[in-house]
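[1] here is my input; please provide its structure:
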Amino acid sequence: MSELMEVFEMVTKQTEPDLDAWKQQEERQRKLARNRKLGAFAAVATIAAAIVLIFVATRPAEDASAPKPGENGSSETAVPFGLSPQARIVAGFDGVTTRTISGLPDDAFALSPSGDGSTIAFVTEADGENHVATIGIDGSGMQVLGAGIEPAMSPDGTKIAFVRDNDIYVMNADGSGEEKVVGNPHVDEFPQWSPDGTTIAFDHYASKAPTDSGFSENSSIMVVLVAGGGPTTLTQGGTAGEPTFSPDGTQIAFRRNNSIWVMDADGNNEQEVVPEVGVVDDLRWSPDGTTIAFSNYNGGDWQARVVQGVDSGDWAVGNVQVLDVRTGEVSDVGLTIVTWWNAPNWLPSGDLLLNAVYQN
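    Below you'll find the model as predicted:
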């Protein structure tokens, strides 16, 4: 009987993931998605489904009717959020939807608007691979461009930075003029433009394993001039990553050890502005310079069945939060989004463009 109790305790503990488990899951999911190991991903999904079934079986009878993860690509979820997991919306700080974005493919993810908000770059599946594509914010004029992920539109909307095979490329907004601007044996990702369009900040993961990514202790933030030249390291260590420029170009905000930091654009004067509050991801500085939006996984429910390009399955969800840069106060918008590549982006109006949205 004691052996059976030990097995029961082991199984039930697995159904409540803690933050350490989240970090391991995030890094694993990033690697799987990047390498498109669909067979391995299916195996993981099978294991996850088994855990969910065990969880349901051990829940009290009155909870037996609660929604469970969908099957065969359905949009049901393990948590009772109010909006569709494929919802694309524009929302204010109060979480109220002001408009929805139509015309995007169901599998679209990693949205990145142009500076004037008229065009959105995103990722979608084409010919069995993830491709960068663009569409008008009114849903018109969709174009599928070259293979790649993590697109970032330049402020003037004429170019797109993106990642392919762990290197950073830049191309014209119509897909022409493709050029590799950063390439090395390791991993470079999450490119973001400076406001003047001359510089790209990005994550660099120096590791013996060329596919290391995520919350790596070997990570650093680098910048590179689009016109040419080698990258410059600004800061490193402590999982430094996911940089975003201030609208005047003088500062860069970034994530380090799940805290939010700000430094000068040359890497000097690093300051922690928000201590660890969960698992911080996808930072974006507002156009007026007063606010930084980000997603924050706080250890709650995380399963959300969503298709993103060539990959589908259960993904983590995070609270959309905003940081007042002047006061350091963090507030919750009241919406959650699927994390990994789905940043809370800004439009010129000061509203948030959100992809794969749920409602608390």
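
[2] from here on, contacts and neighbour counts on C-alpha atoms
    Fine.

[3] ok, and the closest non-adjacent residue to Thr134?
    In this structure, Thr134 finds its nearest non-sequential neighbour in Ala121, 4.3 Å apart by C-alpha to C-alpha, 6 or more residues apart in numbering.

[4] isn't that neighbour up against Ala108?
    No: here Ala121 lies out of contact with Ala108, judged by C-alpha atoms under 8 Å, at a distance of 9.7 Å.

[5] more neighbours: these two, which one.
    In terms of neighbours (other C-alpha atoms under 10 Å), Ala121 is the more surrounded of Ala121 and Ala108; the figures are 31 against 25.

[6] next, the buried residues of stretch 231-245.
    By 16 or more other C-alpha atoms under 10 Å, the buried positions in stretch 231-245 come out as 231, 233-236, 238-245.

[7] and the pLDDT at the residue nearest to Thr134?
    Looking at Ala121, its pLDDT stands at 98.

[8] and it, what element?
    When elements are assigned from DSSP states H and E, Ala121 belongs to strand 119-126.

[9] show the subsequent helix or strand relative to that strand.
    Sequence order places strand 129-136 as the next helix or strand after strand 119-126, per DSSP H and E.

[10] sheet-wise, list the partners of that next one with their directions.
    Strand 129-136 has the following sheet partners, assigned by DSSP bridges: strand 119-126 (antiparallel), strand 143-147 (antiparallel).

[11] off-centre distance for the last one?
    Right, strand 143-147. 20 Å (C-alpha atoms, centre = their mean, to the nearest Å).

[12] now Pro105: how far from Met153?
    Taking C-alpha to C-alpha, to the nearest Å as the criterion, Pro105 is separated from Met153 by 19 Å.

[13] brain fart, Asp266
    In terms of C-alpha to C-alpha, Asp266 sits 22 Å off from Met153.

[14] neighbour count winner among these two?
    Met153 (29 against 15).

[15] so the more buried one bridges to which residues?
    Beta-bridge partners, per DSSP bridges, of Met153: Ile160.

[16] contacting residues for it?
    Going by C-alpha atoms under 8 Å, 6 or more residues apart in numbering, Met153 touches Ser112, Pro113, Ser114, Gly115, Ile120, Ala121, Lys159, Ile160, Ala161, Ala173, Trp193.

[17] between those, which sits nearest Gly128?
    Here the nearest of the contacts of Met153 to Gly128, counting by C-alpha to C-alpha, is Ala121; it sits at 18.9 Å.

[18] and that closest one, what is it in contact with?
    110-114, 132-135, 151-153, 160.

[19] where are the low-confidence patches of the stretch 51-200 of the chain?
    Judged against pLDDT under 70, the low-scoring parts of the stretch 51-200 of the chain cover residues 51-86.

[20] nope, the stretch 251-360 of the chain is what I meant
    298-303, 359-360.

[21] please tell me how far Val132 sits from Met153.
    For Val132 relative to Met153 (C-alpha to C-alpha), the value is 11 Å.

[22] make that Ser286, sorry
    15 Å.

[23] now swap in Ser246 and tell me
    Between Ser246 and Met153 the computed distance is 16 Å (C-alpha to C-alpha).

[24] try Ala316
    25 Å.

[25] before we move on, what about Asn258?
    As judged by C-alpha to C-alpha, Asn258 and Met153 stand 26 Å apart.

[26] burial check on the closest residue to Ile292 other than its chain neighbours, number of neighbours?
    Sequence neighbours aside, Trp285 is the residue nearest to Ile292 in space, at 4.4 Å (criterion: C-alpha to C-alpha, 6+ apart). Residues near Trp285, counting by other C-alpha under 10 Å, number 24.

[27] coming back round to it: how distant is the strand holding Ala121 from the center of its chain?
    For strand 119-126 - counting by C-alpha atoms, centre = their mean - the centre lies 14 Å from the chain centre.

[28] kindly report the same for stretch 149-165.
    The answer for stretch 149-165 is 15 Å, by C-alpha atoms, centre = their mean.

[29] and it, end to end?
    Stretch 149-165 end-to-end distance (C-alpha to C-alpha) = 9 Å.

[30] next: stretch 104-119.
    End to end - C-alpha to C-alpha - stretch 104-119 spans 12 Å.

[31] list the buried residues for it?
    Using 16+ other C-alpha under 10 Å as the test for burial, stretch 104-119 gives 104, 106-115, 117, 119.

[32] again, but for stretch 174-184
    Gly175, Lys180, Val181, Val182, Gly183.

[33] now do the contacts for the fourth one.
    Taking C-alpha under 8 Å, 6+ apart as the criterion, Val182 is in contact with Asp167, Ile168, Tyr169, Asp188, Val224, Gly230, Pro231.

[34] give me that answer again for 10 Å
    Residues in contact with Val182 (C-alpha atoms under 10 Å, 6 or more residues apart in numbering) are 163, 166-170, 188-189, 200, 202, 223-226, 228-231.

[35] now the third one
    Residues touching Val181, when contacts are defined by C-alpha under 10 Å, 6+ apart, comprise 161, 167-170, 200, 224-231.

[36] inside strands: which ones of the buried residues of stretch 104-119?
    Under the assignment DSSP state E, the buried residues of stretch 104-119 contribute Phe109, Ala110, Leu111, Ser112, Pro113, Thr119 to strands.

[37] and for Asp288, the neighbour number?
    Neighbour number of Asp288 under other C-alpha under 10 Å is 12.

[38] before we move on, back to that, show me which of the buried residues of stretch 174-184 is closest to Val274.
    Val182 (30.5 Å).

[39] partners of the closest one in the sheet?
    Using DSSP bridges, the bridge partners assigned to Val182 are Ile168.

[40] coming back round to it: just the buried residues from the contacts of Val182, in ChimeraX please.
    Buried subset of the contacts of Val182, written as a ChimeraX selection, criterion 16+ other C-alpha under 10 Å:
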select :163,166,167,168,169,170,188,189,200,202,223,224,225,226,231
